[in-house]
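> okay, here's the prediction I keep looking at, along with the sequence it came from:
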Amino acid sequence: MKTNSFIVLMMLAGLAVASEPARDVQPGQRGKQVFDQWCAICHAAAPRMPGTASLAAKYGGSLPAALEERTDMPPAFIKYFVRNGVLIMPAFRKTEITDADLELLVDYLKAKDQ
Ligand code: HEC
């Protein structure tokens, strides 16, 4: 009986560990997480992505078509498009992408003032 309750206790302990909620991502990874959640569906570096294809046509190869490969975008430029949208790109509200997340997204996209 004693052994049985020990086993049950250990099983419960295992369950507690297994059901622990996912840990918060590292601060450095949050920008990528935001990109993957909201932008990658159109801007991933892959074929048939509306954003990537549109930017390939816009720049004709003079700049990378995939946003994650760009290093030329000023923070204000990215923020403008995220908050206002363009063509089929929707504007994102602060309830979707908070200002804090937008800062991390901008960092992730290596934005720099020129
Ligand atoms: C529904 C598809 C879609 C989603 C989702 C989307 N975009 Fe876009 N985005 C586009 C398209 C299409 C363009 C178009 C451009 C053009 O040809 O001018 C664009 C343009 C941009 C530009 C302007 C780039 C330039 O050099 O002109 C930026 C910056 C941008 N998107 C950032 C983002 C970010 C950051 C996210 C996620 C928060 C995002 N977009 C989500 C479709 C999308």
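Received the coordinates, thanks. What you see is a predicted model; the values in this text were computed from it and never measured.
> flag every residue of the protein that's near the ligand.
Counting by CB under 6 Å from any ligand atom, the residues of the chain close to the ligand are 38-39, 41-43, 50-51, 54-55, 58, 67, 73, 78, 81-82, 86-89, 92, 97, 105. Any C-beta I mention is one placed from the backbone N, CA and C, and that applies to glycine too.
> put the buried members of these into a ChimeraX selection.
In ChimeraX syntax, the buried subset of those is picked out as below (16 or more other CB atoms under 10 Å):
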select :38,39,42,43,51,54,55,67,73,78,81,82,89,92,97,105
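> which stretches of this structure form helices?
All helices of the chain, identified by DSSP state H, fall at 2-18, 27-38, 40-43, 50-59, 75-84, 99-108.
> by contact count, what packs against the shortest one?
With contacts defined as 3 or more CB pairs under 8 Å, 6 or more residues apart in numbering; DSSP states H and E, the packing partners of helix 40-43 are helix 50-59.
> packing partners for the helix it packs on?
Going by 3+ CB pairs under 8 Å, 6+ apart, helix 50-59 lies up against helix 40-43.
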